[in-house]
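Enquirer: Fold the following for me, if possible:
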Amino acid sequence: MTGPLPDTMRAMVLDRPGSPLRLATLPRPEPAVGQVLLRVSACAVCRTDLHVVDGELPDPCLPLVPGHEIVGEVVACGPGTQRHPVGRRVGVPWLGWTCGHCSYCEAGAENLCPSARFTGYTLDGGYAEYTVADERFCFPLPDAYDDLHSAPLLCAGLIGHRAYRMALAHPFGGDVTHLGLYGFGAAAHLIAQVAVADGRRIYAFTRPGDTTAQDHARQLGACWAGDADVLPPRRLDAALIFAPAGALVPAALAVLRPGGGVVCAGIHMSDIPSFDYARLWQERSIRSVANLTRADGEDFLAHAARQPLAVHSVAYPLAEANAALDDLRAGRLQGAAVLQPTHA
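Expert: Sure, this is the predicted structure:
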């Protein structure tokens, strides 16, 4: 597309939590100091979007354009920008802005910045034809992935990568050879491939009876796949929980060897039920993942450039965002739903 930019754009808008998104015509945003304007080509639909839309995450900035796995082309730059020229394809993740000077930011833990702002939650996101983003939080994308298959890398990939690295860094457990993945969706189907390429054995746990997801896991290299309430054939060294179900925490602890760790990779989870201390004893641990850092993004996207990943994406038109959310909510997706705006 060439020529002058339109004054308006189509976007899917959340007016209040618990209500369907509304297709609206909005003024096209203008990039402020340090921002770039993106023509959105793809935006993946994340489970965190569901938590925002369903009211499980508090205090979204309403009315809100959701979406935080954005692929777009830079079409204009605000004052003072210098990182991304017009014409560059970039990706925008969940973490959209940090202060840069608090103790967390200065310690390399900007994901914990108390003033942080988040794309598609406290900042408008990518369920739209155009969006603006802080240029510091935009990533150049590997050429090997087209727009449809790049979008899921920006949260499913990044959060999965951070959770995986956290499991490998567990101080008590030694080497992680046998790794469990609870919930085999957008994030797990990517990190399973990374872990298999690293020589690890993957055990995939799905909703009871979801043989389609179990078959998918085996196709991607899992050595075992079964229902989440079934014991695997051996004790595991670590487990990553991607499903937002608190009951999976004691279930995962029950299959860990001494010294193993559980990493909860979601931003929201239902209540964790009480469990016997014996499940945690022997230096097992539970940790959570909060957001991501720009270093996570750079590391994972560089990894994705080196190791081609089979990204399973299902395309939806922008106006069908509610259908994509419904399919994700009902567990009907294998891989990731991706919205693709069409531009006049």
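
Enquirer: Just the element for the closest residue to Arg22 other than its chain neighbours, please.
Expert: Among residues not flanking Arg22 along the chain, Val13 sits closest, at 4.9 Å (C-beta to C-beta, 6 or more residues apart in numbering). (C-beta placed from N, C-alpha, C; glycine too.) Using DSSP states H and E, Val13 maps to strand 8-13.

Enquirer: Mind listing the strands the next helix or strand after that strand pairs with, and their directions?
Expert: Downstream of strand 8-13, the next assigned helix or strand under DSSP H and E is strand 22-27. The pairing partners recorded for strand 22-27 under DSSP bridges are strand 8-13 (antiparallel).

Enquirer: Would you state the strands of the stretch 51-200 of the chain in chain order?
Expert: Assigned strands in the stretch 51-200 of the chain, in chain order: 70-77, 89-92, 95-97, 117-118, 130-134, 139-140, 178-182 (criterion: DSSP state E, counting those that start in this stretch).

Enquirer: okay if I get the ones you listed as CSV plus mean pLDDT and mean neighbour count?
Expert: Below are these laid out as CSV (pLDDT from 0 to 100; neighbours: other C-beta atoms under 10 Å):
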stretch, mean pLDDT, mean neighbour count
strand 70-77, 98, 22
strand 89-92, 98, 26
strand 95-97, 97, 23
strand 117-118, 98, 18
strand 130-134, 98, 25
strand 139-140, 96, 16
strand 178-182, 97, 26
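
Enquirer: Is it possible to get a markdown table of those strands that adds distance to Val33?
Expert: Conversion of these to a markdown table gives the following (distance: least, C-beta to C-beta, whole Å):
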| stretch | distance to Val33 |
| --- | --- |
| strand 70-77 | 10 |
| strand 89-92 | 17 |
| strand 95-97 | 12 |
| strand 117-118 | 15 |
| strand 130-134 | 10 |
| strand 139-140 | 20 |
| strand 178-182 | 42 |
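
Enquirer: closest one to Arg235 among those strands?
Expert: Taking C-beta to C-beta, strand 178-182 is the member of the strands of the stretch 51-200 of the chain nearest to Arg235, at 7.4 Å.

Enquirer: what packs against the closest one?
Expert: Packed against strand 178-182 by the contact rule (3 or more C-beta pairs under 8 Å, 6 or more residues apart in numbering; DSSP states H and E) you find helix 186-197, strand 201-206, strand 236-241, helix 248-253.

Enquirer: The closest residue in space to Ala319 that isn't next to it in sequence pairs with what?
Expert: Leaving out its chain neighbours, the residue that sits closest to Ala319 by C-beta to C-beta, 6+ apart is Leu23, at 5.4 Å. Taking DSSP bridges as the rule, Leu23 bridges to Met12.

Enquirer: Likewise for the one 4 residues further on?
Expert: When assigned by DSSP bridges, Pro27 has beta-bridge partners Thr8.

Enquirer: One more: Leu181?
Expert: With DSSP bridges as the rule, Leu181 is bridged to Ala204, Leu240.

Enquirer: my read: it touches Leu190, true?
Expert: No - applying C-beta atoms under 8 Å, one finds Leu181 not in contact with Leu190, separated by 10.5 Å.

Enquirer: My guess is Arg257 contacts Ala239. True?
Expert: No - applying C-beta under 8 Å, one finds Arg257 not in contact with Ala239, separated by 10.9 Å.

Enquirer: between these two, who's got more neighbours?
Expert: Set side by side, Arg257 and Ala239 show more neighbours around Ala239, with 28 against 15, by other C-beta atoms under 10 Å.

Enquirer: Quick check: the more buried one vs Cys61, distance?
Expert: 34 Å (C-beta to C-beta, to the nearest Å).

Enquirer: repeat for Ala192
Expert: Ala192 is 34 Å from Cys61, by C-beta to C-beta.

Enquirer: Look at those two and report which has more neighbours.
Expert: Ala192 (26 against 14).

Enquirer: returning to that earlier point: among the helices and strands packed on strand 178-182, which comes closest to Glu73?
Expert: Here helix 186-197 is closest among the helices and strands packed on strand 178-182 (C-beta to C-beta), at 23.4 Å.

Enquirer: which residues touch the closest one?
Expert: 44, 46-47, 152-153, 155-157, 159-161, 163-164, 179, 181, 184, 202, 204, 216-217, 220-222, 240, 242, 265, 303, 307, 309-312, 333-336 (C-beta atoms under 8 Å, 6 or more residues apart in numbering).

Enquirer: what pLDDT, on average, does it get?
Expert: Averaged over helix 186-197, pLDDT sits at 95.

Enquirer: Would you mind writing the CA trace of that helix as CSV?
Expert: Output of helix 186-197 as CSV, limited to C-alpha atoms (Å, rounded to 0.1, in the frame of the first residue of the first chain):
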residue,chain,number,x,y,z
ALA,A,186,0.3,-22.0,21.4
ALA,A,187,3.3,-21.7,23.9
ALA,A,188,3.9,-25.4,24.5
HIS,A,189,3.9,-26.3,20.8
LEU,A,190,6.8,-23.9,20.3
ILE,A,191,8.9,-24.6,23.4
ALA,A,192,8.5,-28.3,22.9
GLN,A,193,10.4,-28.0,19.7
VAL,A,194,13.2,-26.0,21.3
ALA,A,195,13.5,-28.5,24.2
VAL,A,196,13.5,-31.5,21.8
ALA,A,197,16.2,-29.9,19.8
